[in-house]
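>>> Would you be able to build a 3D model of this:
(chains A, B, C and D)
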2 protein chains.
Amino acid sequence: MFAMAKQAGRRLADDIVMTLKKEVADGHYPAGSRLPTEAALCERFGVSRATVRSALKELHVLGLVRTQQGAGTFVTPRPTVHDGLERMGSITDSIRSSGKEPGHEYGRRTLRQVLPDEAERMEAPTDTEVIELRRRITADGDVVAYSYDLIPLSLFPPRFDPDELSGSIFAYFENALGLRPTLGLAKVHAVTSSHIAWGPDAAKHRLFILLDQLHYDQTHRLLAYSKTYFVEGAYEFELVRTSK
Amino acid sequence: MFAMAKQAGRRLADDIVMTLKKEVADGHYPAGSRLPTEAALCERFGVSRATVRSALKELHVLGLVRTQQGAGTFVTPRPTVHDGLERMGSITDSIRSSGKEPGHEYGRRTLRQVLPDEAERMEAPTDTEVIELRRRITADGDVVAYSYDLIPLSLFPPRFDPDELSGSIFAYFENALGLRPTLGLAKVHAVTSSHIAWGPDAAKHRLFILLDQLHYDQTHRLLAYSKTYFVEGAYEFELVRTSK
DNA sequence: GACCCCTAGTTGTCTGACAACGTCTGCGAA
DNA sequence: TTCGCAGACGTTGTCAGACAACTAGGGGTC
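The predicted structure is shown next:
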């Protein structure tokens, strides 16, 4: 039989989803191939058909499989594409997955009140206190982005020392604060400006893609408001668009 | 009872999903409020609980609701956000949903072979014949984007007259050819160039966001390769990023 | 007021059955 | 042999009823 480590609070169907997701990703079921029948999956996982169908429904909504009445459930053929910008994730990870070594150089860390336009975008009171970070993000030593991040002071523990913040902000959120950004609302702009870049290579960088983004966790609490200026040409900006 | 127009090939659960989605969007069930119980929804839609659960599962995976065993199903509080760039859809629709009137002005329509770099990006033979379209897309009369679209000639019926193509390409695909673009792979760039814009306002447009995009249908057939240059500032470029 | 227990209500899972639909087999006709 | 068709069979979609797991709320006790 199938003994799965069952985490507290998790539903049976979730385990099946995770297992099948992994097997599809690992090529156990190639694109276009047919998954085992619902009855076979029932037997394998030791659950009822209702539970298997719940799991398959999730895979269907996620676009991983396509079901056809009378025929079976098939793995959706997908171009081999790593996740794009539509997936929440740290820039650090995406640089690393492209085979380069990410780096962070921190500029000023400031404690201040939000500006009026920032408050409006964040839908926060105008007296909200935030920590402002200025960073340069590098890949194999080359600057790929300049980032200006605002993080509400209320997220941090009392007696917090801003200098603890280094490296990836996502990693800090997760490891030090136990917060996981799961939703980002971004606006994309093209920008030419000589006031964004700083540091030794600043003069070379004039054309940017601006990702003006609000980060939330699963409870829709605002974690950060960041403006990240990607140096045009230095960072491959990919996006997978899907229909509903 | 509830008599719903049932489209061919659609499942019962899909109708329920659409109805509930709309009602949530219309504020019929405010954020955080509890949806009717599964039993109540069964009665309302005249279906079994299995079908209702299938529909609710879809809403759950889509992040619209949260279910809690023993308590009920609740509408997820969400920032009010319309779909962003991560959703496949025509620019025309997105302009219309922002309350403006979309328009299309067609420039040259050309029948030609693909260029080498185009063939590489399209993963197509170098002797592929395509129809090239040049369009200006407008909102309330103002140019918001210049688009250069390549569509494989093989998609068109024999004795095709390029002049039939007008208005939204997506609409033409769907209505005239029965094709539905469901997947887009895009790269995003910032571009400054004086060679992109054409027409009366060309001189005003120098800074663009380029969406360099391959369009596929559900069978993963390439429908089009388009380079759309959005005039910076004229089009609000939004993106909803989610985690897996 | 604070705490515990019990109960009614709701979602999660199980079982069994039939309907709707796709696929394949095998037979007969050309 | 080849082609077309009918029917059997397999698979997913839906239905019905039941019980398990869990939550929220009420009432009682201290």
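
>>> end-to-end on stretch A:122-135?
20 Å (CA to CA, to the nearest Å).

>>> Can you give the contact residues for it?
When contacts are defined by CB atoms under 8 Å, 6 or more residues apart in numbering or on different chains, stretch A:122-135 is touched by residues A:104-114, A:116, A:118-119, A:146-154, A:156, A:162, A:165, A:169, A:198, A:214, A:222, A:225, B:79. Any C-beta I mention is one placed from the backbone N, CA and C, and that applies to glycine too.

>>> For the strand or helix carrying residue A:170, which helices and strands make contact with it?
Assigned by DSSP states H and E, residue A:170 belongs to helix A:169-172. If contacts are counted by 3 or more CB pairs under 8 Å, 6 or more residues apart in numbering or on different chains; DSSP states H and E, helix A:169-172 sits against helix A:91-97.

>>> For residue A:112, give me its contacts.
A:129-130, A:132.

>>> DNA strand C: which of the residues you listed is nearest?
In terms of CB to the nearest atom of the strand, no member of those lies closer to DNA strand C than residue A:129, at 32.8 Å.

>>> For beta bridges, what are the partners of that closest one?
Judged by DSSP bridges, the bridge partners of residue A:129 are residue A:113.

>>> Domain ranges for chain A, per the record?
Using automatic domain parsing, the domain parsing of chain A gives A:12-75, A:91-231.

>>> Next up, the contacts around the residue nearest to residue A:170 when sequence neighbours are not counted.
Take residue A:170 and drop its neighbours on the chain: the residue closest to it by CB to CB, 6 or more residues apart in numbering or on different chains is residue A:90, 3.6 Å away. For residue A:90, the contacting residues are A:168-171, by CB under 8 Å, 6+ apart.

>>> Please apply the same query to residue A:182.
Contact partners of residue A:182, counting by CB under 8 Å, 6+ apart, are A:88, A:216-218, B:242-243.

>>> can you tell me which of the contacts of stretch A:122-135 are in strands?
Under the assignment DSSP state E, the contacts of stretch A:122-135 contribute A:104-113, A:146-152, A:214, A:222, A:225 to strands.

>>> Narrow those residues to those that are buried.
A:104, A:109, A:146-152, A:214, A:222, A:225 (16 or more other CB atoms under 10 Å in any protein chain shown).

>>> Any regions of chain A where pLDDT drops low?
Chain A contains residues with pLDDT under 70 at A:1-10, A:78-83, A:218-219, A:244.

>>> So which bits of chain A are right by DNA strand D?
Residues of chain A found near DNA strand D (CB under 7 Å from any atom of the strand) are A:35, A:37-39, A:49-50, A:53, A:56, A:67-73.

>>> What about those residues, which are in strands?
Those of those lying in strands (DSSP E): A:67-68, A:72-73.

>>> Export those as JSON lines, with columns for neighbour count and distance to residue B:16.
Formatted as JSON lines, these follow (neighbours: other CB atoms under 10 Å in any protein chain shown; distance: CB to CB, whole Å):
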{"residue": "A:67", "neighbour count": "16", "distance to residue B:16": "17"}
{"residue": "A:68", "neighbour count": "9", "distance to residue B:16": "20"}
{"residue": "A:72", "neighbour count": "15", "distance to residue B:16": "24"}
{"residue": "A:73", "neighbour count": "22", "distance to residue B:16": "21"}
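
>>> For residue A:166, grab the count of nearby residues.
Counted with other CB atoms under 10 Å in any protein chain shown, residues neighbouring residue A:166 total 15.

>>> ok, it touching residue A:104?
Yes - in this structure, residue A:166 is within contact of residue A:104 by CB atoms under 8 Å, at 6.7 Å.

>>> picking up where we left off before, which two from the residues of chain A next to DNA strand D end up farthest apart in space?
A:50 and A:71 (20.7 Å; CB to CB).

>>> Those two: which has the busier surroundings?
residue A:50 (15 against 9).

>>> Could you verify my assumption that the more buried one touches residue B:51?
No - judged on CB under 8 Å, residue A:50 makes no contact with residue B:51 at a distance of 11.7 Å.

>>> The spatially most distant residue from the centre of chain A: what's it in contact with?
Residue farthest from the centre of chain A, counting by CA atoms, centre = their mean, is residue A:70 at 37.3 Å. By CB under 8 Å, 6+ apart, the contact list for residue A:70 is empty.

>>> so what's residue A:169 closest to, chain neighbours aside?
In space, residue A:169 is closest to residue A:149, 6.2 Å off (CB to CB, 6+ apart).

>>> Ignore what I typed, I meant residue A:60.
residue A:67 (5.8 Å).

>>> dump the residue contacts of the one you found.
A:56, A:60, A:73-74.

>>> between those, which is closest to residue B:234?
Nearest to residue B:234 among the contacts of residue A:67 is residue A:60, at 37.6 Å by CB to CB.

>>> name the element that closest one belongs to?
Per DSSP H and E: residue A:60 is located in helix A:49-61.

>>> What are the buried residues along that helix?
For helix A:49-61, the neighbour count (16+ other CB under 10 Å) marks A:51-61 as buried.

>>> What parts of chain A come near DNA strand C?
Residues of chain A lying near DNA strand C (CB under 7 Å from any atom of the strand): A:11-13, A:46-51, A:54, A:68-71.

>>> need the helices for chain A, in chain order.
A:12-25, A:38-45, A:49-61, A:91-97, A:116-122, A:169-172 (DSSP state H).

>>> out of the ones you listed, which comes closest to residue A:142?
helix A:91-97 (10.4 Å).

>>> Touching, residue A:45 and residue A:18? I think so.
No - using CB under 8 Å, residue A:45 makes no contact with residue A:18, being 11.5 Å away.

>>> between the two, who's got more neighbours?
More crowded of residue A:45 and residue A:18, by other CB under 10 Å: residue A:45, with 20 against 13.

>>> Now do the same contact list for the residue nearest to the spatial centre of chain A.
In chain A, the centroid-proximal residue (CA atoms, centre = their mean) is residue A:88; its distance is 1.7 Å. Contacts for residue A:88 were tallied using CB under 8 Å, 6+ apart; they are A:181-184, B:241-243.

>>> gap between the residue nearest to residue A:170 and residue B:242?
For residue A:90, the distance to residue B:242 equals 14 Å [CB to CB, to the nearest Å].

>>> Many thanks, we can stop here.
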